[in-house]
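Visitor: Let me see the structure of the following:
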Amino acid sequence: MVASPKKMVKTAESGSKRAQAFCPECGSPLYGAAPVDDPPSFLLRVGAIRQRAQLQPKVQVWCRSALDWALDVRTVPRFAKGQGT
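Guide: As a prediction, this is how the structure comes out:
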């Protein structure tokens, strides 16, 4: 049996409300949506999607406070697990 996600409603600075859903077992974030019974869309959390390697981003949201360097890390050295530390 699959358990339903745990949900909480968060209020933004603007006063808008957003439902946040989490795994009831481990607390991992699953999605965000309008706090209604049948939301028109969902913002999926990429870590919760098994097929995430096949999904290409189409848009970035909530980046107003992102640090400049966080928006482009292509030039930062990359290491496979266990290397470079």
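
Visitor: Which residue, other than its chain neighbours, is closest to the residue nearest in space to the middle of the chain?
Guide: In the chain, the residue lying closest to the centroid (Cα atoms, centre = their mean) is residue 45, at 3.0 Å. Excluding its sequence neighbours, the residue lying closest to residue 45 (Cβ to Cβ, 6 or more residues apart in numbering) is residue 29, at 4.4 Å. In short, each C-beta sits where N, CA and C put it, glycine included.

Visitor: Confirm for me that the one you found is in contact with residue 47.
Guide: Yes - counting by Cβ atoms under 8 Å, residue 29 does reach residue 47; the two are 7.4 Å apart.

Visitor: Looking at these two, which one has more neighbours?
Guide: In this view residue 29 and residue 47 are compared by other Cβ atoms under 10 Å, and residue 29 has more residues nearby, 15 against 9.

Visitor: next one: phi and psi at that one?
Guide: Residue 29 adopts backbone torsions of phi -70, psi 140, taken as degrees, to the nearest 10.

Visitor: Bridged to it, which residues?
Guide: With DSSP bridges applied, the residues forming beta bridges to residue 29 are residue 22.

Visitor: so who does it touch?
Guide: Counting by Cβ atoms under 8 Å, 6 or more residues apart in numbering, residue 29 touches 20-22, 45, 47-48.

Visitor: Tell me which two in the residues you listed are the farthest apart.
Guide: Largest separation among the contacts of residue 29 by Cβ to Cβ: 20 and 47, giving 13.9 Å.

Visitor: rewinding a little: state the pLDDT value of the residue nearest to the centre of the chain.
Guide: As predicted, residue 45 sits at a pLDDT of 88.

Visitor: pLDDT-wise, which helix or strand of this protein ranks last?
Guide: strand 42-44 (a mean of 86; mean pLDDT, DSSP states H and E).

Visitor: just checking, what packs against it?
Guide: strand 29-33 (3 or more Cβ pairs under 8 Å, 6 or more residues apart in numbering; DSSP states H and E).
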